[in-house]
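Enquirer: kindly generate the corresponding structure for this input.
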Amino acid sequence: MKNLKVKTCLAVLMLVGCGEVKTLDCDTAEDCALGQACIAETHTCVTPTELTIEIHRSFPYVDGDTHDDARFVAVQDGDGSFSPVSGTNGVYRVPITSDRYGIAVACADGNGTGTVEIVQQTIADGTTYRIACEVSHQTEDLAVTVTNLAAGQTLHLASYLGREDIVANGTTSLWVLSGMVELYGTLTDSDGQVARIFRILGASSGVTIDAAVDGAVPEHHALTGTSGGDSFSVGIHRLHGSVQWQNASLASSQEYVMLPPALRQADDLYQVRVSDESRAHTRMVAVGGPLEFELPTLLAASPATLVTTPFVHTVHSFSATPPVLPLQEYRIYSQQSSSAIYRVWQATLSSGWIAEAPLVTYEFPDLSAIPGFADVALLDGHQIDTSITRTERTSLVPVDGGEMTTSGSASTVGEDAATDHGARRDRDLRAASLRSRDPRPRSSRPD
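Expert: The predicted structure is shown next:
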């Protein structure tokens with residue numbers, strides 16, 4: 001039995017309400033009504049808006065299930081500096097007087113892993129922020145025995161955590177969540193065509209798949225409007241993440257495969273994604289059918305700049321564009337790993353916070369004076385992988401008929417100080433775990 005500890009910052013924002021501004025000349029808070037603050041720059045009295053930040057023990061979030069797991073929490077009121085704030089049992093209530101704000105949550109395990117998640121929002125974007133610093137899951141290696149696999153056939157089998165391409169009869173293992181076994185797969189012939197599709201639920205001690213009779217013949221549906229894309233993927237969205245059962249080149253097929261009625265469940269939601277190297281368009285559907293896609297415009301961004309004083313961080317510049325879908329954000333990501341450390345800094349900027357600025361330059365804020373910073377700081381002398389991604393979607397959570405588009409740009413700064421293959425594998429596994437636990441599609445690789 002293995003214990004998988006996922007270090008992540010998972011966030012959901014909800015609209016609660018806005019502060020009330022009362023026009024009144026003031027020099028100090030004593031000139032205002034009880035509970036109001038005096039804004040020195042404008043000499044006006046303002047009723048503060050309360051931000052609520054919750055550090056949860058687990059995901060999905062449960063009301064009241066909070067804990068002091070964050071290394072630190074800091075808040076920015078307006079365009080000022082980030083200041084550390086205090087909470088009780090993982091709940092932080094912070095009054096602010098501006099309609100723009102930032103929240104920074106740092107999480108660390110004391111063994112080299114540290115993450116900083118920053119959101120830059122407006123009051124209209126929401127005032128409650130929920131995250132889980134650490135989500136622990138029991139995992140196991142599930143024994144999978146395959147029989148009657150013919151020559152030239154391949155069984156592509158996937159779980160939330162692992163994937164195996166099986167080309168011969170016998171027994172192999174697949175990494176799965178304990179007690180939550182849910183496997184999906186496709187059987188392809190020598191030409192890559194899907195002959196059967198599989199869904200296996202609830203197996204605990206092991207599973208046997210007869211490639212000749214198990215599963216079912218899949219549904220086939222047309223993809224249209226895919227000009228500019230070079231590949232597509234199909235999978236299912238579930239509570240604990242998503243599992244893909246088809247990844248193919250558009251040059252080889254213009255059809256995607258779906259579970260037939262016999263293998264579906266009432267709450268199923270499927271995601272079909274068309275992409276090229278830097279862009280993607282994803283559609284969510286409850287049942288299969290012809291789907292049309294249009295890749296978004298390319299994100300114009302400059303390579304990241306490395307700054308090492310007074311702390312190691314990156315600076316990013318990009319061109320913002322008017323949103324096409326109702327919800328738009330820009331996610332800036334800096335990741336660093338070696339055999340000893342794994343660090344991620346991520347900032348999500350809402351379109352409201354950007355406020356229609358055509359050119360945006362974002363510099364990660366200086367949090368170095370806050371106790372606990374050393375546990376999450378990027379280190380000098382190590383390579384930093386960075387990316388900027390514009391994400392647009394029709395709703396915050398996946399729903400039938402929902403859409404999402406992404407366009408991103410990546411660059412690398414700093415020195416590569418002895419990052420070995422084992423560290424890279426560990427980094428990729430941790431990054432995949434981060435993405436798979438987020439209730440929203442991740443920016444650079446929507447699942």
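Enquirer: mind giving me the domain ranges of this protein?
Expert: Domains of the chain are assigned by automatic domain parsing as 1-132+314-436, 138-292.
Enquirer: tell me the average confidence for the last one?
Expert: If I follow you right, that is domain 138-292. Averaged across domain 138-292, pLDDT comes to 90.
Enquirer: over to stretch 404-415?
Expert: pLDDT averaged over stretch 404-415 equals 94, rounded to a whole number.
Enquirer: tell me the buried residues in it?
Expert: Met404, Thr405, Thr406, Ser407, Gly408, Ser409, Ala410, Ser411, Val413, Gly414 (16 or more other C-beta atoms under 10 Å). Where you see a C-beta, it was placed from the backbone N, CA and C, and this is true even at glycine.
Enquirer: what's the neighbour count on the closest residue to Glu164 other than its chain neighbours?
Expert: Closest residue to Glu164 in three dimensions, ignoring its sequence neighbours and counting by C-beta to C-beta, 6 or more residues apart in numbering: Leu157, at 5.1 Å. Applying other C-beta atoms under 10 Å, we find 25 residues neighbouring Leu157.
Enquirer: likewise for the one 4 residues further on?
Expert: Residue crowding around Leu161 was assessed by other C-beta under 10 Å; the count is 19.
Enquirer: likewise for Thr42?
Expert: Thr42 has 12 neighbours, counted by other C-beta under 10 Å.
Enquirer: re earlier: and the residue nearest to Glu164, what are its bridge partners?
Expert: On DSSP bridges, the residues paired with Leu157 through beta bridges are Glu164, Gly185.
Enquirer: about what we covered before: so for Leu298, which of the domains of the chain sits nearest?
Expert: The stretch from these with the least distance to Leu298 (C-beta to C-beta) is domain 1-132+314-436; that distance is 5.8 Å.
Enquirer: can you give me the strands in the stretch 251-400 of the chain?
Expert: Assigned by DSSP state E, counting those that start in this stretch, the stretch 251-400 of the chain shows strands spanning 255-258, 269-275, 279-285, 291-292, 305-307, 313-319, 327-337, 342-350, 359-363, 384-393.
Enquirer: can I get the third one as PDB, trimmed to CA atoms?
Expert: Looking back up the chat, that one is strand 279-285. Listed next in PDB are the C-alpha coordinates belonging to strand 279-285 (Å, rounded to 0.1, in the frame of the first residue of the first chain):
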ATOM      1  CA  ARG A 279      -4.000  25.900 -28.300                       C
ATOM      2  CA  ALA A 280      -7.000  23.800 -27.500                       C
ATOM      3  CA  HIS A 281     -10.800  23.800 -27.700                       C
ATOM      4  CA  THR A 282     -12.700  21.500 -25.300                       C
ATOM      5  CA  ARG A 283     -16.400  20.600 -25.400                       C
ATOM      6  CA  MET A 284     -18.300  18.900 -22.500                       C
ATOM      7  CA  VAL A 285     -21.200  16.600 -23.500                       C
END
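Enquirer: before we move on, back to that, export the strands of the stretch 251-400 of the chain to a markdown table and tack on distance to Ser98?
Expert: As requested, the strands of the stretch 251-400 of the chain are arranged in a markdown table below (distance: least, C-beta to C-beta, whole Å):
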| stretch | distance to Ser98 |
| --- | --- |
| strand 255-258 | 47 |
| strand 269-275 | 37 |
| strand 279-285 | 34 |
| strand 291-292 | 42 |
| strand 305-307 | 26 |
| strand 313-319 | 23 |
| strand 327-337 | 19 |
| strand 342-350 | 14 |
| strand 359-363 | 18 |
| strand 384-393 | 25 |
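Enquirer: between these, which one is nearest to Thr128?
Expert: strand 342-350 (14.5 Å).
Enquirer: what mean pLDDT would you report for the closest one?
Expert: Per-residue scores along strand 342-350 average to 96.
Enquirer: neighbouring strands - and their directions - for that strand?
Expert: strand 113-122 (parallel), strand 327-337 (antiparallel).
Enquirer: quick one: it to strand 359-363, angle?
Expert: With axes from the mean of the first three to the mean of the last three C-alpha atoms, to 10 degrees as the criterion, the two stretches strand 342-350 and strand 359-363 enclose an angle of 140 degrees.
Enquirer: next, the angle strand 313-319 makes with strand 342-350.
Expert: Regarding strand 342-350 and strand 313-319, their directions subtend 30 degrees when assessed with the same axes, to 10 degrees.
Enquirer: would you turn the strands of the stretch 251-400 of the chain into TSV with mean neighbour count and distance to Ser86?
Expert: Shown next, in TSV, are the strands of the stretch 251-400 of the chain (neighbours: other C-beta atoms under 10 Å; distance: least, C-beta to C-beta, whole Å):
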stretch	mean neighbour count	distance to Ser86
strand 255-258	22	50
strand 269-275	22	40
strand 279-285	22	40
strand 291-292	15	49
strand 305-307	16	29
strand 313-319	20	25
strand 327-337	22	27
strand 342-350	23	23
strand 359-363	14	26
strand 384-393	24	31
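Enquirer: ends of stretch 319-339, how far apart?
Expert: This stretch, stretch 319-339, spans 35 Å end to end (C-alpha to C-alpha, to the nearest Å).
Enquirer: before we move on, the earlier item: for Ala216, find the nearest of the strands of the stretch 251-400 of the chain.
Expert: strand 255-258 (10.8 Å).
Enquirer: for that closest one, the distance to its chain's centre please.
Expert: Distance of strand 255-258 from its chain centroid, counting by C-alpha atoms, centre = their mean, to the nearest Å, is 25 Å.
Enquirer: stretch 60-75 too?
Expert: Averaging C-alpha coordinates over stretch 60-75 and over its chain gives two centres that are 18 Å apart (C-alpha atoms, centre = their mean).
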